[in-house]
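> what would the 3D arrangement of this be:
(2 chains)
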Number of protein chains: 2
Amino acid sequence: MIAKSIESLFEQRQDHFLIPAEIVANVQETNHLDHAFLVLTKIKYSKIPVLDNEQHFKGLLSLSMIAETMLGMNGIDPSTLPRHQVREIMQTDVPTIELPYDIEEILHLLVDQPFLVVVDKDQIFTGIVTRREIMKGFNYTAHELEHYFTVTEKQTEKIEQES
Amino acid sequence: MIAKSIESLFEQRQDHFLIPAEIVANVQETNHLDHAFLVLTKIKYSKIPVLDNEQHFKGLLSLSMIAETMLGMNGIDPSTLPRHQVREIMQTDVPTIELPYDIEEILHLLVDQPFLVVVDKDQIFTGIVTRREIMKGFNYTAHELEHYFTVTEKQTEKIEQES
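All right, here's what the predicted structure looks like:
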């Protein structure tokens, strides 16, 4: 269980969490790797969502996944990229979340994921929640906690100070 | 100012923040881009530190910076990579931090940086502080706040609940 005070401050910010699907770069699972290479080179995210042609979320793709397929006997070789599709190399073991947000779950999953994929009940890609937005929420919480709450140290549970 | 209670819980965790230089993959500023391409393809970070031959921090390099230099008139062309050095394309407008940690500064800078470069007073690369470790610190704080502190909502500053 996370502290109710922290959860309630985070909930104030939750309308800011979602970066909606319409403005998140993506690739189709049947796109060829040369196309995906161009998309990933031009955007700021190092991993992007892979969708099917009905907008269902299928996996994640990074530039290093494509780069790995370019490493062969002859050094760096992009000639095979047009012959392979995104779905052959994408990462598929990806946690997804649904609305409404479970703040504790988001904080937990973002330890190991740079962003979380949000889907609806039919697995349609809805958007992403990034560590960046959660860092903003955390800054807000750290600054506002003592504005909304009275916080006093318990005498029985003294924090050990580092020397 | 951030809440003292949150700051003190973070300080309990600060020995975990640093990933030391010895275990962070890096490239030298004079490495050629074909070598850097191999290094960045094989590691999990999407950006890595660039050092000079005395371990001074000089900048950051990502796979997409290298990929961009491969895009030419003839599509994806790796043939020029061995002719260019990392220092020609690396990112140099990078904030750095020094020990001891300023928790408020770290939380602020990590909104826009996926990790922070730690240097000593002579700009020698010491390690990195990642969003991952700070997310762990935040989880700890959210779980332990009400163990160490009594937190009561101020009646005069009621949080507006979302419907």
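
> gap between the closest residue to A:Leu18 other than its chain neighbours and chain B?
The spatial neighbour of A:Leu18 that comes closest, neighbours along the chain excluded (CB to CB, 6 or more residues apart in numbering or on different chains), is A:Gly127 at 4.6 Å. From N, CA and C alone the C-beta is placed, and that goes for glycine too. Remark: distance between A:Gly127 and chain B (CB to the nearest CB, to the nearest Å) = 18 Å.

> just checking, A:Gly127 touches A:Ile19?
Yes - distance between A:Gly127 and A:Ile19: 5.3 Å, which falls inside the contact criterion (CB atoms under 8 Å).

> who has more neighbours, the two?
Neighbour tally, A:Gly127 and A:Ile19, criterion other CB atoms under 10 Å in any protein chain shown: the higher count belongs to A:Gly127, 20 against 17.

> let me know the pLDDT of that one.
As summarised for this prediction, A:Gly127 has a pLDDT of 98.

> give me the element it is part of.
Under the criterion of DSSP states H and E, A:Gly127 resides in strand A:125-130.

> ok, then the element right after that strand?
From strand A:125-130 onward toward the C-terminus, using DSSP H and E, the following helix or strand is helix A:131-148.

> helices of chain A, residue ranges please.
When secondary structure is read from DSSP state H, chain A shows helices at A:4-12, A:33-42, A:63-70, A:86-89, A:103-109, A:131-148.

> which neighbouring elements make contact with the fifth one?
Think helix A:103-109. helix A:4-12, strand A:96-97, helix B:131-148 (3 or more CB pairs under 8 Å, 6 or more residues apart in numbering or on different chains; DSSP states H and E).

> again, only this time at 7 Å
If you count contacts as 3 or more CB pairs under 7 Å, 6 or more residues apart in numbering or on different chains; DSSP states H and E, helix A:103-109 packs onto helix A:4-12, helix B:131-148.

> redo those helices as JSON lines? Include distance to A:Gln113 and mean neighbour count.
JSON lines is the format used below for those (distance: least, CB to CB, whole Å; neighbours: other CB atoms under 10 Å in any protein chain shown):
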{"stretch": "helix A:4-12", "distance to A:Gln113": "18", "mean neighbour count": "20"}
{"stretch": "helix B:131-148", "distance to A:Gln113": "9", "mean neighbour count": "20"}
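
> can I get those in a markdown table with distance to B:Thr80?
Written out in a markdown table, the entries for the helices and strands packed on helix A:103-109 read as follows (distance: least, CB to CB, whole Å):
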| stretch | distance to B:Thr80 |
| --- | --- |
| helix A:4-12 | 48 |
| helix B:131-148 | 34 |
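
> with mean pLDDT and distance to A:Leu38 as added columns, please give those in CSV.
Putting the helices and strands packed on helix A:103-109 into CSV (pLDDT from 0 to 100; distance: least, CB to CB, whole Å) gives the following:
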stretch, mean pLDDT, distance to A:Leu38
helix A:4-12, 92, 37
helix B:131-148, 94, 27
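
> quick one: which of those helices is nearest A:Val86?
Checking the helices and strands packed on helix A:103-109 against A:Val86 by CB to CB gives helix B:131-148 as the closest, at 26.3 Å.

> got the CA positions of the strand holding A:Gly127 in PDB?
Listed next in PDB are the C-alpha coordinates belonging to strand A:125-130 (Å, rounded to 0.1, in the frame of the first residue of the first chain):
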ATOM      1  CA  PHE A 125      -3.700   1.200 -28.400                       C
ATOM      2  CA  THR A 126      -4.800   4.300 -26.400                       C
ATOM      3  CA  GLY A 127      -1.500   6.000 -25.600                       C
ATOM      4  CA  ILE A 128       1.500   5.900 -23.300                       C
ATOM      5  CA  VAL A 129       2.300   6.900 -19.800                       C
ATOM      6  CA  THR A 130       6.000   8.000 -19.600                       C
END
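
> packing partners for it?
In this structure, strand A:125-130 makes packing contacts with strand A:18-20, strand A:115-119, judged by 3+ CB pairs under 7 Å, 6+ apart.

> quick one, that strand and strand A:115-119 angle?
Strand A:125-130 and strand A:115-119 are oriented at 160 degrees to each other (axes from the mean of the first three to the mean of the last three CA atoms, to 10 degrees).

> what's around A:Thr80, how many residues?
A:Thr80: 12 surrounding residues under other CB under 10 Å.

> show me what contacts the residue lying closest to it once chain neighbours are set aside?
Ranked by CB to CB, 6+ apart and with sequence neighbours excluded, the top spatial neighbour of A:Thr80 is A:Thr69, at 6.8 Å. Taking CB atoms under 7 Å, 6 or more residues apart in numbering or on different chains as the definition of contact, the neighbours of A:Thr69 are A:33, A:80, A:84, A:89.

> show me what contacts the residue positioned nearest the centre of chain A?
The residue lying closest to the centre of chain A (CA atoms, centre = their mean) is A:Phe115, at 1.2 Å. A:Phe115 sits next to A:128-131 when contact means CB under 7 Å, 6+ apart.

> many thanks, we can stop here.
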